[in-house]
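**Q** with the input below, show me the fold.
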Amino acid sequence: MILHLYFARRFAMSFLFITLILFILVALIGLLEESRRSFAENVSFGDLVTLTLLDTPQKINLILPLNMVLATVVLFLSMARSSEMVVTRASGRSALSTLKSPLVVAFLIGLMVVGLFNPIVAATSKQYELLSDRYRNGSASALSISDEGLWLRQGSDQGQTVIRAWRSNNDGSVLYDVTFVSYAPEGGPIRRIEAQSAALGPDGWELRNAKSWPLETGVNAEGNAETFETLDLPSTLTLDSIRDSFGKAGAISIYDLPAFIRQLEYSGFSPRRHKVWLQSELARPLFLIAMVLVASAFTMRHTRSGGTGIAVLSAVLLGFGLYFIRSFAQILGENGQIPVLLAAWAPPVAAIMLAMGLLLHREDG
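**A** Residues are numbered from 1 along each chain as shown. Purely as a prediction, here's the structure:
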């Protein structure tokens, strides 16, 4: 037990050390990237630092499997140089027995990432998108989906417009039973429009069977109402901006994802992307375990055997390859090419089996 605790502490310290170094590097690169954006001259240095710190957790979350590979490499190389691995193997411990404590630590880190770090990443990435859109465009457009339907907000120099619809088609290009409420730049409502449907095109919204009421003070709204078979309204929204508003599953906490998926289905949107992301997050502890097994299969050796550089390079490249396969499977799942559960759980399970095969082959000589 003492030896297991020693290995677990060494592995945890290696992981924290690698994560801290990568956090600093990612933050510095992110700060340079933010300063090069077109809207950089409109914000202060403090705002750039804020944007960088808000975006860094999301990037760290993406490269977490690489952190796990590097932490495993650092652990076993340091133990090989100090001959601790030789003594451990000479005492009769097998490779799999030595890996028990690092695997438990990796699993616990995966649980903490899913349960604690995921909501933090969701909150910071959402705030980053809002601030960067505000600095870039001067106003933010937003989409919200609830039990009362879906809500959109578009802004321009002429004021803000709030849009509510009960449902839409799969890609959000057509809204049904929709209401537009326009506000003046000072903040007061000036017009209300209700329509049977609203289709978003290159030139804006095209409303069908619409009725418009003026909302200025002192004006009889019903007496001055107008009806239109078709009505065109300008819009600053695009299909891409609407899809991006609700399409980034990483901006939603894993605790809120099941309810959000149900709301997407009720509103008419396809929730497949969010379902794949939810299952992938739940499978993340297994994928981190796979990364530890892959890295250990190449680095649990004595340095006198030679080829240490090749072994480390092979571990990193195989880790990148498995990460690419996992991302590719997620894309296939989002596009409906393979089932959601297969897209999320097959890559980590296959990676574990591959790494176990490599370990057992080396163990048997």
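**Q** can you pull out the strands in the stretch 151-300 of the chain?
**A** 159-168, 174-183, 189-201, 204-214, 226-233 (DSSP state E, counting those that start in this stretch).
**Q** which one of the ones you listed lies closest to residue 17?
**A** Taking Cβ to Cβ, strand 159-168 is the member of these nearest to residue 17, at 48.0 Å. For the C-beta atoms, the positions are set from N, CA and C on the backbone; glycine is no exception.
**Q** mind listing what that closest one pairs with, with the direction of each?
**A** Partners of strand 159-168 in the sheet, by DSSP bridges, are strand 149-156 (antiparallel), strand 174-183 (antiparallel).
**Q** can you give me the buried ones in that strand?
**A** Using 16 or more other Cβ atoms under 10 Å as the test for burial, strand 159-168 gives 159-165, 168.
**Q** related to what we said a few turns ago, I'd like the strands paired with strand 159-168 written out as a markdown table, with mean neighbour count added.
**A** Shown next, in a markdown table, are the strands paired with strand 159-168 (neighbours: other Cβ atoms under 10 Å):
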| stretch | mean neighbour count |
| --- | --- |
| strand 149-156 | 20 |
| strand 174-183 | 20 |
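**Q** residue ranges with poor pLDDT in the stretch 201-350 of the chain?
**A** Residue ranges of the stretch 201-350 of the chain with pLDDT under 70: 240-248, 266-269, 301-306.
**Q** can you pull out the helices in it?
**A** Per DSSP state H, counting those that start in this stretch, the stretch 201-350 of the chain carries helices over the ranges 239-247, 257-267, 272-282, 284-299, 308-334, 340-363.
**Q** now, of those helices, which is deepest in the fold?
**A** Among the helices of the stretch 201-350 of the chain, ranked by average contacts under mean count of other Cβ atoms under 10 Å, first place goes to helix 284-299 (a mean of 25).
**Q** export that helix as PDB, just CAs?
**A** Output of helix 284-299 as PDB, limited to C-alpha atoms (Å, rounded to 0.1, in the frame of the first residue of the first chain):
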ATOM      1  CA  ARG A 284     -13.600  10.800 -20.600                       C
ATOM      2  CA  PRO A 285     -12.300   8.900 -17.400                       C
ATOM      3  CA  LEU A 286     -11.900   5.800 -19.600                       C
ATOM      4  CA  PHE A 287     -10.100   7.700 -22.300                       C
ATOM      5  CA  LEU A 288      -7.600   9.200 -19.700                       C
ATOM      6  CA  ILE A 289      -7.000   5.700 -18.500                       C
ATOM      7  CA  ALA A 290      -6.200   4.700 -22.000                       C
ATOM      8  CA  MET A 291      -3.700   7.500 -22.400                       C
ATOM      9  CA  VAL A 292      -1.900   6.300 -19.300                       C
ATOM     10  CA  LEU A 293      -1.800   2.800 -20.600                       C
ATOM     11  CA  VAL A 294      -0.500   3.900 -24.000                       C
ATOM     12  CA  ALA A 295       2.300   6.000 -22.600                       C
ATOM     13  CA  SER A 296       3.300   3.400 -20.000                       C
ATOM     14  CA  ALA A 297       3.500   0.700 -22.700                       C
ATOM     15  CA  PHE A 298       6.500   2.600 -24.300                       C
ATOM     16  CA  THR A 299       8.200   4.100 -21.200                       C
END
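**Q** closest one to residue 358 among the strands of the stretch 151-300 of the chain?
**A** Nearest of the strands of the stretch 151-300 of the chain (Cβ to Cβ): strand 159-168, 48.6 Å.
**Q** average model confidence for that closest one?
**A** For strand 159-168, mean pLDDT is 81.
**Q** same question for stretch 97-115.
**A** Rounded mean pLDDT across stretch 97-115 is 90.
**Q** kindly export that stretch (C-alpha atoms) in PDB.
**A** Taking C-alpha atoms only, stretch 97-115 is exported to PDB below (Å, rounded to 0.1, in the frame of the first residue of the first chain):
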ATOM      1  CA  SER A  97       0.500  -4.100 -10.700                       C
ATOM      2  CA  THR A  98       2.700  -1.100 -10.900                       C
ATOM      3  CA  LEU A  99       0.200   0.700 -13.000                       C
ATOM      4  CA  LYS A 100      -2.700   0.300 -10.500                       C
ATOM      5  CA  SER A 101      -2.100   3.500  -8.600                       C
ATOM      6  CA  PRO A 102      -1.500   5.700 -11.700                       C
ATOM      7  CA  LEU A 103      -4.700   4.300 -13.300                       C
ATOM      8  CA  VAL A 104      -6.700   5.100 -10.200                       C
ATOM      9  CA  VAL A 105      -5.400   8.600 -10.100                       C
ATOM     10  CA  ALA A 106      -6.100   9.100 -13.800                       C
ATOM     11  CA  PHE A 107      -9.700   7.800 -13.200                       C
ATOM     12  CA  LEU A 108     -10.200  10.200 -10.300                       C
ATOM     13  CA  ILE A 109      -8.800  13.100 -12.300                       C
ATOM     14  CA  GLY A 110     -11.300  12.100 -15.100                       C
ATOM     15  CA  LEU A 111     -14.200  12.200 -12.600                       C
ATOM     16  CA  MET A 112     -13.100  15.600 -11.300                       C
ATOM     17  CA  VAL A 113     -12.800  16.900 -14.800                       C
ATOM     18  CA  VAL A 114     -16.300  15.800 -15.700                       C
ATOM     19  CA  GLY A 115     -17.900  16.700 -12.400                       C
END
